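Student: Return atomic coordinates for the entry below.
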Amino acid sequence: MTRLSRQTLGQLPKDVGRPNYDPARVTVGIVHLGIGAFHRAHQAAFTDAVLAQDPSWGICGVSLRSPETRDALTPQDGLYTLKVQDGDGEELQVIGSVVELLCAPEDPEAVLRRMADPATRIVSLTITEKGYCHNPATGTLDENHPDIVHDLENPGRPRSAIGFIVEALARRKSAGTAPFTLLTCDNLPSNGHVLKRVVTRFAELRDPALAALVRNVASPSTMVDRIVPATTDSDRSAIAAALGVEDAWPVMTEPFRQWVIEDDFPVGRPAWENAGALFADDVAVFEMMKLRLLNGSHSTLAYLGYLAGAETVADAMALPGMEALVEGLMREEVSPTLPPLPGFDLAAYRAELLQRFRNPALRHRTWQIAMDGSQKLPQRLLGTIRDRLKAGAGYDRLALGVAAWMRYARGVDEAGRPIDVRDPHAARIAELTQGMGAPEGIVAAFLTMTDVFGTDLSESALFRLTLINALTRLFEKGSAATLRDYT
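Tutor: Here you go, the predicted structure:
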């Protein structure tokens, strides 16, 4: 079958959306590190919607690990299909904002040249929490991280996003080119500040004079929201049948999307507000709301759902007791920790989240959400628990989510089968919990991970006891039976 490309755009069915500009005229203005499905469903789609106004904001997508995305999309001129679906139907839109794709491990120099190019005015990132090579409990650079050690010793051949950013800024400084704006779109509290902190510290370790420049680089914080499950072979087949041409890597998503951005772009930006983005002086309130309500609930239902045998989020939401648990977690335990949101209907937002989680058209796998828990839980659950502890308030549902992660991360499910745990600390967790059978020992082992729990939670007798009680319930009753307690 013929591949999707600029040449085959005219062959697509009339009901398939396509760029309202000439993709051949688009030039690169943004380098995006971490060209995964989320970026292509979110920031690349926002950018696609405004390229007709200014085609100089095309995206160079950089894979930091695997060449798969480049190999899939380069023969398609960077084009791919975005399928927006819910229980009421679906819409197909071909996105043309990605005009170049690079694989950093194969050609780091090509990536650095593109980042140092004066035409590049924004470097954006979706590299997941672990990509920041930081301590999740403190937000500081992990100076012993293997990639950081390598990049300090080999600045011209970096591996980490942090190493690429600092080397590119150094080259721009030498050439007299203004720094680009750093735009992180990952789920981290104050994500722009976290990125600036780790990049500045890396620069200090490399060259104090360079650090002075890095401290002045714009790094606005953002809040992003859209559910994007992994693409399956059946998705590819369905898209090919609908288009009449093959798309090697389409993206599936939901109708809902949200992007809140601090407006700090000294060298310019696309008019994303014309595509629905919201520019704000401070995104912290939106960010905390999303991390704690959506992401915290997502992780909780993913771990409990996986242990109960639910393959997808919608399957997990159908388990007896799950919706009551998630609704209670959001309303009773999370919402009281949020700062005031004048004019914002929090109850309506919670109801919308439950509806999104129930979306049967999105096959968002619980296993996919469960990845990298050691990096995600500090932002999604542990910060909320800290606030509940300070207030002397209960957090049993939140603790159950943490306990479910502990049960999951040990790598054996309730039937004794192995779990494919994808986490940067998977080996460490296995070593810490080896031979541990009692909940008390398991909790004690996990709480030695102060880079995840901090010293405050690790030393809290009340937190420890609450976790032990939750984990005991999961071992004695199983996840499904535990959930039924909430019906």
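Student: only C-alpha atoms for contact and neighbour calcs from this point on.
Tutor: OK.
Student: Dump the host helix or strand of Gly61 to PDB, restricted to CA.
Tutor: Gly61 is part of strand 58-63, with elements assigned from DSSP states H and E. Output of strand 58-63 as PDB, limited to C-alpha atoms (Å, rounded to 0.1, in the frame of the first residue of the first chain):
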ATOM      1  CA  GLY A  58       7.800  24.000  12.000                       C
ATOM      2  CA  ILE A  59       9.100  21.300  14.300                       C
ATOM      3  CA  CYS A  60      12.300  19.300  14.200                       C
ATOM      4  CA  GLY A  61      11.500  16.200  16.300                       C
ATOM      5  CA  VAL A  62      14.400  14.600  18.100                       C
ATOM      6  CA  SER A  63      14.400  11.000  19.500                       C
END
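Student: which is the next helix or strand following that strand?
Tutor: helix 68-73.
Student: Can you list the strands that the first helix or strand past that next one going along the chain pairs with?
Tutor: Going down the chain from helix 68-73, the next helix or strand is strand 80-86, by DSSP H and E. Sheet pairing for strand 80-86, assigned by DSSP bridges, gives strand 89-95 (antiparallel), strand 251-253 (parallel).
Student: Confirm for me that Lys173 is in contact with Glu167.
Tutor: No: contact criterion Cα atoms under 8 Å: Lys173 and Glu167 do not qualify, at 9.8 Å.
Student: of the two, who's got more company?
Tutor: A count of neighbours by other Cα atoms under 10 Å puts Glu167 above the other of Lys173 and Glu167, at 23 against 15.
Student: quick one: contacts for that one?
Tutor: 112, 155-156 (Cα atoms under 8 Å, 6 or more residues apart in numbering).
Student: element containing it?
Tutor: Assigned by DSSP H and E, Glu167 belongs to helix 161-175.
Student: again with Ile30
Tutor: Counting by DSSP H and E, Ile30 is part of strand 28-33.
Student: Let me see the mean pLDDT of that strand.
Tutor: Averaging pLDDT along strand 28-33 yields 98.
Student: Can I get it in CSV, CA atoms only?
Tutor: Extracted C-alpha coordinates of strand 28-33, given in CSV (Å, rounded to 0.1, in the frame of the first residue of the first chain):
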residue,chain,number,x,y,z
VAL,A,28,12.1,24.7,11.4
GLY,A,29,11.7,27.1,14.3
ILE,A,30,11.2,24.6,17.2
VAL,A,31,13.4,21.7,18.1
HIS,A,32,11.5,19.2,20.2
LEU,A,33,13.3,16.7,22.4
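Student: Paired strands for that strand, with orientation please.
Tutor: So strand 28-33, judged by DSSP bridges, has these partners: strand 58-63 (parallel), strand 122-125 (parallel).
Student: average pLDDT across the longest one?
Tutor: If I follow you right, that is strand 58-63. Strand 58-63 comes out at a mean pLDDT of 98.
Student: Please apply the same query to the last one.
Tutor: Confidence over strand 122-125, taken as the mean pLDDT, stands at 98.
Student: For that strand, list every residue counted as buried.
Tutor: 122-125 (16 or more other Cα atoms under 10 Å).
Student: And the furthest pair within these?
Tutor: Greatest spacing in these, by Cα to Cα: Ile122 and Leu125 (9.9 Å).
Student: what's the overlap in contacts for the two?
Tutor: Listed as contacting both Ile122 and Leu125 by Cα under 8 Å, 6+ apart are Leu183.
Student: chain center to the strand holding Gly61: distance?
Tutor: Relative to the mean C-alpha coordinate of its chain, strand 58-63 is positioned 17 Å out (Cα atoms, centre = their mean, to the nearest Å).
Student: mind starting the numbering at 690 from now?
Tutor: Yes, from this point I'll number from 690; that puts the last item at strand 747-752.
Student: and for it, what are the contacting residues?
Tutor: Contacts for strand 747-752 (Cα under 8 Å, 6+ apart): 715-725, 733, 736, 740, 758-759, 786-793, 800.
Student: out of the contacts of Glu856, who's nearest Phe891?
Tutor: Lowest distance from Phe891 to the contacts of Glu856 (Cα to Cα) belongs to Pro844, with 10.8 Å.
Student: contacting residues for that closest one?
Tutor: Residues near Pro844 by Cα under 8 Å, 6+ apart: 852, 856.
Student: pLDDT at the nearest residue to Gly1062 once chain neighbours are set aside, what is it?
Tutor: Of all residues not flanking Gly1062 in the chain, Asp1112 sits nearest, at 6.6 Å (Cα to Cα, 6 or more residues apart in numbering). Note on Asp1112: pLDDT of 97.
Student: and if you look at Leu1051?
Tutor: For Leu1051, the pLDDT comes out at 88.
Student: try the one 5 residues further on
Tutor: With respect to pLDDT, Trp1056 scores 97.
Student: Tell me the secondary structure at it.
Tutor: helix (DSSP: H, G, I helix; E, B strand; the rest coil).
Student: From Met1011, how far out is it?
Tutor: 17 Å (Cα to Cα, to the nearest Å).
Student: More neighbours: which of these two?
Tutor: Using other Cα under 10 Å, the more surrounded residue of Trp1056 and Met1011 is Met1011, with 24 against 20.
Student: Now that one. Nearest residue, chain neighbours left out?
Tutor: Closest to Met1011 by Cα to Cα, 6+ apart is Leu1172, at 5.9 Å.
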